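**Student:** structure for the following, please:
(one chain, ligands or ions: 2)
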Amino acid sequence: MTDKKTDNSSALNRRNFLKLGAAGAALGAIAIPAKAKETITKKIDEKTAGNFIKTHDEFPHEIRDDYKPHSNQDIMFTAGFWGFHPEDVDVANSGKQFGYKTFMHYEEKKGFDQLSKALNAGGWALHNNVSPLASQAISGSGILKWDQYRKKEGEFLPHHDWVNEHQYEFENKQEATNAIKRAAKLYGADLVGITKRDKRWDYSDFVDPQAIMEGRPEDSVYGWERFPFEPKSVIVVAFEMDYEAIATAPTDVQGAGAGAEYSSMTKTVYQMAVFLKQLGYQAVPCGNDTGLSIPYAIAAGLGEGSRMGNLITYKYGPRVRLAKIYTDFEFVEYDKPIEFGAMEFCKNCMRCADACPNGAITFDKEPSFEPTHENKDRSWYNAKGVKKYYMDARKCFYTWGEFGTDCGSCMASCPYNKPDFWHHRLVDKITAAMPGPVHDFMREMDQLFGYGEVGNLEKIDKFYDPKGRSYNGH
Ligand code: SF4
Ligand code: SF4
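**Tutor:** Ligands and ions are numbered 1, 2, ... in the order given. You can find the predicted model right below:
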């Protein structure tokens, strides 16, 4: 990592770390009401976040000169569901198996039974209805359309999904940032960052499923010339997934936690696009489509890369879903990438690699510019040339086909995935401040306290347990 603006790595020495760690663990066990814990968490964050979060001026991963933007045809979902890379028969079979098992096939097994499948289907319902192909990385699906309609004189369009002729002028850069981030929060985002459009993270081409279904393979791929405007900025939004649902990984209850946020993100990015269009700017709402959400989220300062390949956010760890809005609105200032020690922690941790049921995550100590996994010579799905941990998406996809739901064991096992109790946040900060040996210690402590265990079906009972919750109107 490069261009650190601040370096507070010596802010805590080992003795203080141990004191703080012990205090955090002991006080965490005290029965403090949840509301008080929330208040304490916020106070700790206010006072300490600045000491642990560093910013970068540039994208924080090294990039080799031969790096090329990723083709939409090489995304595992596009290949698995739409027949790109037919030579990879196992990938195509996994796609079919996943499609069949997801909501159409119940098992007797807890976590994959009718109740769990129904919960999962409800989670995905909005997303699958209004943008059915976006989760498969297909652009322009349903309400996540590229269309920038200019309303005709006197035409009445109650959805307001058209670009206003009159362009609102913000008084200054701060007003623009405040308004746009506040709107994203209002519409449901948990985190918002804004970055410049960067062609390195855009797909180099796009897939047209209509052409595939109509048997016109020659028309099934198209380029950026169809995009309606020259994007200047990308607004990236993150959505926290339910801790207890994700903790049940790998089950359909976990899938429901993911699907619920796919539904939320679709709603939010569509509303954001309408908001920008009504301000007179062009905007395209996107989920997994059009560009790579994770590097865009890193560039927009939402979190760090990780061994498992997912974004790790400061607030929610990897337990987030990401979406984005491309717009021609040009901000004067953009958010900067951040670092709080997650990538460094990954070097010693490897818990996600242990938890992965199919060995898709590398145990390499250091990140690399190329995949090192056993399928590296036919890994068309890995965008090579960025210094990071390369996972084997083929193996991951097989697992999804086998379970009939997205697995999520890596997220559930990660020490950064915690409910937001204040002593956990404290420990996360301490890990950011201290080097390798302390990380080993933290990894073990985390396991000792029972966090990150996967494949425990009792967690489903905990998910449904009404204890400590009230759903009533009184
Ligand atoms: S989702 Fe499951 S199979 Fe895929 S990398 Fe994570 S743990 Fe492994
Ligand atoms: S489980 Fe450990 S190694 Fe894996 S992403 Fe989380 S911190 Fe990194």
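**Student:** which one is the residue of the stretch 51-200 of the chain found nearest ligand 1 nearest to, not counting chain neighbours?
**Tutor:** Of all residues in the stretch 51-200 of the chain, residue 76 sits closest to ligand 1, at 10.3 Å by Cβ to the nearest ligand atom. For glycine as for every other residue, the C-beta is placed from the backbone atoms N, C-alpha and C. Excluding its sequence neighbours, the residue lying closest to residue 76 (Cβ to Cβ, 6 or more residues apart in numbering) is residue 393, at 4.6 Å.
**Student:** what's the answer for residue 99, then?
**Tutor:** Using Cβ to Cβ, 6+ apart, the nearest residue to residue 99 is residue 81, at 7.0 Å.
**Student:** burial count for the one you found?
**Tutor:** As a burial measure, the neighbour count of residue 81 was computed by other Cβ atoms under 10 Å and equals 24.
**Student:** who touches it in this structure?
**Tutor:** In this structure, residue 81 makes contact with 95, 99, 136, judged by Cβ atoms under 8 Å, 6 or more residues apart in numbering.
**Student:** again, only using 10 Å
**Tutor:** Contacts here follow Cβ atoms under 10 Å, 6 or more residues apart in numbering; on that basis residue 81 touches 75, 91-92, 94-96, 98-99, 133, 135-138, 207, 209, 212.
**Student:** if any of those residues are buried, give me the ChimeraX selection for them.
**Tutor:** Command for ChimeraX, covering only those of those found buried under the criterion 16 or more other Cβ atoms under 10 Å:
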select :75,91,92,94,95,98,133,135,136,137,138,207,209,212
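**Student:** sort out which of the contacts of residue 81 are in strands and list them.
**Tutor:** For the contacts of residue 81, the ones inside strands are residue 207, with DSSP state E as the criterion.
**Student:** test my guess that residue 96 contacts residue 397.
**Tutor:** No - at 11.7 Å, residue 96 does not count as touching residue 397 under the criterion of Cβ atoms under 10 Å.
**Student:** quick one: common contacting residues for the two?
**Tutor:** Between them, residue 96 and residue 397 share the neighbouring residues residue 80, with contact defined by Cβ under 10 Å, 6+ apart.
**Student:** any idea which of the contacts of residue 81 is closest to residue 246?
**Tutor:** For the contacts of residue 81, the residue nearest residue 246 by Cβ to Cβ is residue 135; the value is 17.0 Å.
**Student:** now do the contacts for the closest one.
**Tutor:** Residues in contact with residue 135, defined by Cβ under 10 Å, 6+ apart, are 77, 81, 124, 127-128, 141, 258-259, 262, 265-266, 287-289, 321, 406.
**Student:** not counting its neighbours along the chain, what's nearest residue 208?
**Tutor:** In this structure, residue 208 finds its nearest non-sequential neighbour in residue 220, 5.3 Å apart by Cβ to Cβ, 6+ apart.
**Student:** actually residue 166, sorry about that
**Tutor:** Taking Cβ to Cβ, 6+ apart, and ignoring the residues beside it in sequence, residue 166 has residue 280 as its nearest neighbour in space, at 5.5 Å.
**Student:** before we move on, what about residue 93?
**Tutor:** residue 401 (7.1 Å).
**Student:** thought residue 205 was touching residue 221?
**Tutor:** Yes - because the distance of 5.1 Å satisfies Cβ under 10 Å, residue 205 is recorded as touching residue 221.
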